[in-house]
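For reference, the sequence and a predicted model appear below.
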Amino acid sequence: MIYNSGKIYTGLIIFVLFITFPIWYNHLDAGTLPDPQKVENAKECVAPVAEMKATHMQLLNQWRDDVLRDGDRAFNVEADGKMYQKSLQKTCMKCHTSKKKFCDTCHEYASVTPYCWDCHVAPVEPAAKGDMN
Amino acid sequence: MDKNRRNFLKVAGISTLAGLGAPAIVDRVISGKGEGEVFASGGAAGHHGAEPTEHHGEGNTESHKEEKTGTRYGMVIDTRQFNANPKLGVKCVDACHKMHNVPEFPKGDKNEIKWIWLTNHENAFPEHSQQFKDKDTADNKVLVTCNHCENPPCVRACPTKATFKNKDGIVMMDFHRCIGCRFCMAACPYGARSFNWLEPKTILPTPTNPDYPRRMRGVVEKCNFCADRLALGEKPACVAAAGHSGAMIFGDLNDPNSEIRKVLKENFTIQRKPSLGTNPSVFYIV
Amino acid sequence: MFEKALKGNTNYRIWLAILGVFMAIGGLCYIHQFNTGLGTTGMGRDISWGLYISQFTFLVGVAAGGVMLVLPYYIHNYKAFGKITILGEFLAIAALLMCLMFIMADLGQPIRALNVMLHPTPHSMLFWDMIVLNGYLFLNILCGWVILTAERKGVKPPKWIYIFVYTSIPFAISIHTVTAMLYCGLPGRHFWLSAIIAPRFLASAFAAGPALIVFIALILKRVANFDAGKEALNKMVTIILYAALINAFFVGLEFFVGYYSNIPGHMHTLQYLFFGLEHHGHMYNNLVPFMWGFVVLCIGGIILLAIPYTRKQNEFTLGLGCLMIFIALWLDKGIGFVLGGFVPNPLHEIVEYTPSLNEIMITIGVWSTGFFILTILYKIAVGVEHEIEN
């Protein structure tokens, strides 16, 4: 037997509706999936695409600590033994040439704002009006 | 009585143990040994043993992660050369600040950021006698920068290890980690550290060197001996700007065969504020 | 017990509303600082700590001062403090919250503050300060609340709480010792590099904290019908007197060491603070009035508290004396000590600091928040006392 059951159930319903607000407000629709820029000048990434999609942020954090704190700037890609410099600007952005078309498309969709570009300089946008920031 | 005595002995025994143990703990805490070799304690140049070390980084083909090189990078600044060529100092400062996207401020601005700069002899060496100065020291300016101390007080003070001594003896700044408490600025006896009081992007809308990051507001920054250039086998920007004048010599202080050690052997040099025990890695020929 | 804070007369509401206005202004100013950067303050490359850290340093002392009630009551079983010990504990809570707010206001990247715990660094004194400040805050909340609840129910506090009460005593000493160590372990800052800093901080804390409590107790007597008791107040004044004298003695010792040894580094800051420092034909002396304010108020306060008539017969002069001591020690530690230490800078240049309006408003906002919390806590404590009496 619950006292004040009416109030409690109403409260619970309001609570559930409130926390699921983003879902029903968007009509149970996740919107169009982002379509980041395709790379043309390279065939392989430093890791398989699926892995990069899922864990690129951990990888970048790891690279950052390796380079800055341990002075370890080389990166060994296991698949083909090719060497890459551990660098966002000098490695990643050499293939993914547009921050807007590559990074931002997903980040905006996922509503995340990584602070990389607060300091690091994004490549000059090809074709677009060269916005540095 | 007996009971009291027993209690007394118990307390005395425990206190003695605590007393014996405490110095060891204090020692560990002070030397920071608990955290890996964050900074070496005591010892002058050559403390790490004088075995010749390989210059790493040129080819950049191997992971150096676990490798301890025993390197201690240092610099000799020959003020005689700078006195002879008054424009050289400004050139070195410009080269550094352009390389690292350090924005320009009006001189003496409270928000100023400086990695390397020119100052009077009396300000660079306040502990040295300034009475009856000779013409050269009275008229000329001295280049000052981070000393990359062997016992850096800033590293001791930093609560997040955002500033730390790397394996090459360079006192580094990790801008990603700095919380902006400015304890390191209070701790540095050389005023080598600057804080980003304002948003760097608004002060420097176009980076002077797109390959190097700017900083975010609210973090501390300073000279890093161009660790990124060293990794590519290049000299620090200021040393490169000084060119072949011999005004700045850069190298491994722990390598007895290095050029810098040769210069140190042949010249009388001084360090800034040697009495503080920081053991600076920047030496001056006056 | 919080319901007691919700009911109050008009004066209580007006007082909270005034504080609320300053809190709101401070909050808006902080948003401005947060969005623009610490360039909105008067701090700069040479004076890299300003009002925030100096207020923090002073308030750590106010928090530690509460132990001057806890220690006699719980260790020496000094019964007269029974009624007001809770005031000391609650003052510590409010002061510590102010400390934490000042630290947050001072950080360049406040969002990353938890990096201190993510990357624990035992060789940094700030790491230990974080531990002891939060520890002391926790202990005071726990002890204050449990003991007040027990009092309200008319039962003895549970035995286990005494472990925390006794632990809080060394913690009180440690918060101010570690805060002193932030300064006195830095090479190249001669004014701070003195082994006497920690004891001087403690002496000043044991005067400033109790002085504020006596002052507030006298106000509570008028506005809330709360009588701390003559004996308790008298004993506290004795503590304040000795602590203030010891602080003054320590300041005098700094003068002796500096001027008798004639070592420039040991004299410069004292010269700058009390007489002004001349450098290249310019006189730098913007802190001199504050420091002489400290001297005059300190001597005046000590005299008022030392003379039996002004101390025992006249509550106005008693309150005035305590207020004078409190302000004097605020000038000494909350202004002079931290700001003076940066003059001259490591390159022996002199740069003076003037806080910006935005910075001052944030500072007032934090103080208002602290007093807001303190008012609510004291309202609860006094409410419980009244409940027991009825």
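Good, I have the coordinates. Everything quoted here is computed from the prediction, not taken from an experiment.

Count the neighbours of residue A:40 for me.
For residue A:40, the neighbour count with other C-beta atoms under 10 Å in any protein chain shown is 8. Yep, even glycine has a C-beta here, placed from its N, CA and C like the rest.

try residue C:345
Residue C:345 is flanked by 17 other residues according to other C-beta under 10 Å.

Can you give me every residue that contacts the residue of the stretch 51-200 of chain B found nearest chain C?
Closest to chain C within the stretch 51-200 of chain B is residue B:180: 2.0 Å, counting by C-beta to the nearest C-beta. Contact partners of residue B:180, counting by C-beta atoms under 8 Å, 6 or more residues apart in numbering or on different chains, are B:195, B:218, B:219, B:220, C:38, C:107, C:108, C:109, C:112.

Of the residues you listed, which is the nearest to residue A:99?
Using C-beta to C-beta, residue B:219 comes nearest to residue A:99 of those, at 22.1 Å.

how about the residue nearest to residue A:101 when sequence neighbours are not counted, what does it touch?
Leaving out its chain neighbours, the residue that sits closest to residue A:101 by C-beta to C-beta, 6 or more residues apart in numbering or on different chains is residue A:37, at 3.7 Å. Contacts for residue A:37 (C-beta under 8 Å, 6+ apart) come out as A:96, A:97, A:98, A:101, A:102, A:105.

out of everything not next to it in sequence, what's closest to the one residue in the stretch 51-200 of chain C that gets nearest to chain B?
Residue nearest to chain B within the stretch 51-200 of chain C: residue C:108 (2.0 Å; C-beta to the nearest C-beta). Among residues not flanking residue C:108 along the chain, residue B:180 sits closest, at 2.0 Å (C-beta to C-beta, 6+ apart).

Could I get the phi/psi values of that neighbour?
With angles defined as degrees, to the nearest 10, residue B:180 sits at phi 80, psi 30.

Report how many residues lie close to residue 26.
With no chain named, the answer covers chain A. Residues lying near residue A:26 (other C-beta under 10 Å) number 10.

other chain: chain C
23.

same thing with residue A:5?
Residue A:5 sits with 9 neighbouring residues when counted by other C-beta under 10 Å.

Look up how far chain C lies from it.
Per C-beta to the nearest C-beta, to the nearest Å, residue A:5 is found 26 Å from chain C.

Quick check, pLDDT for the residue in chain B positioned nearest to chain A.
Among the residues of chain B, residue B:213 lies closest to chain A, at 4.0 Å counting by C-beta to the nearest C-beta. pLDDT recorded at residue B:213 is 93.

Spit out the contact partners of it.
Counting by C-beta under 8 Å, 6+ apart, residue B:213 has contacts A:89, A:119, A:120, A:121, B:101, B:175.

swap in residue C:387?
Contact analysis of residue C:387 by C-beta under 8 Å, 6+ apart lists residue C:152.

what's the helix or strand for it?
Using DSSP states H and E, residue C:387 maps to helix C:357-389.

Could you verify that the residue of the stretch 51-200 of chain C closest to chain B is part of a strand?
No: Residue C:108: not assigned to a strand; according to DSSP: H, G, I helix; E, B strand; the rest coil it is coil.

how deep is it tucked in, by neighbour count?
20.

I figured it hits residue C:36, correct?
No: judged on C-beta atoms under 8 Å, residue C:108 makes no contact with residue C:36 at a distance of 11.8 Å.

what's around residue C:25, how many residues?
Neighbourhood size, residue C:25 [other C-beta under 10 Å]: 15.

pLDDT at it, what is it?
pLDDT at residue C:25 comes out at 98.

try residue B:131
You'll see residue B:131 listed with a pLDDT of 86.

Which stretches in the stretch 201-350 of chain C count as strands?
C:277-279, C:282-284 (DSSP state E, counting those that start in this stretch).

related to what we said a few turns ago, now pLDDT too, for the contacts of residue B:180, in CSV please.
As requested, these are exported to CSV (pLDDT from 0 to 100):
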residue, pLDDT
B:195, 97
B:218, 95
B:219, 96
B:220, 97
C:38, 96
C:107, 96
C:108, 95
C:109, 95
C:112, 94
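
pLDDT weak spots in the chain?
You didn't pick a chain, so chain A it is. Where chain A drops to pLDDT under 70, the residues are A:1, A:76-80, A:126-133.

Not quite, go with chain B.
Along chain B, segments meeting pLDDT under 70 span B:1-69.

what ranges do the helices span in it?
Assignment of helices within chain B using DSSP state H yields the ranges B:2-31, B:79-84, B:87-99, B:121-124, B:135-139, B:153-157, B:183-187, B:200-203, B:227-231, B:237-242, B:259-266.

does any bit of the fifth one sit next to chain C?
Meaning helix B:135-139. No: under the criterion of C-beta under 8 Å from any C-beta of the partner chain, chain C is not reached by helix B:135-139; the shortest gap measures 14.1 Å.

can you list contacts of that helix?
Identification of contacts with helix B:135-139 by C-beta under 8 Å, 6+ apart yields B:79, B:80, B:83, B:121, B:286.

Mind picking the two most distant members of those?
Spanning the widest gap among the contacts of helix B:135-139 are B:80 and B:121, at 12.8 Å by C-beta to C-beta.

Which of those two has more residues huddled nearby?
With neighbours defined as other C-beta under 10 Å, residue B:80 and residue B:121 compare such that residue B:121 has more, 21 against 14.

Identify the residues contacting the more buried one.
By C-beta under 8 Å, 6+ apart, the residues touching residue B:121 are B:130, B:133, B:137, B:138, B:140, B:141, B:142.

Mark which of the residues you listed are buried, thanks.
Buried residues within the contacts of residue B:121, counting neighbours by 16 or more other C-beta atoms under 10 Å in any protein chain shown: B:137, B:140, B:141, B:142.

Quick check: the farthest pair among these?
Based on C-beta to C-beta, the longest span within these runs between B:137 and B:141 and measures 10.0 Å.

ok, the residue in chain A that chain C sits nearest to - how many residues close by?
Residue nearest to chain C within chain A: residue A:115 (9.7 Å; C-beta to the nearest C-beta). By the measure other C-beta under 10 Å, the count of residues near residue A:115 is 10.

So which of the contacts of residue A:37 sit within helices?
Members of those lying in helices (criterion: DSSP H): residue A:105.

Include neighbour count and distance to residue A:49 when you put the contacts of residue A:37 into CSV, please.
Shown next, in CSV, are these (neighbours: other C-beta atoms under 10 Å in any protein chain shown; distance: C-beta to C-beta, whole Å):
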residue, neighbour count, distance to residue A:49
A:96, 19, 12
A:97, 17, 17
A:98, 19, 18
A:101, 17, 17
A:102, 20, 13
A:105, 17, 15
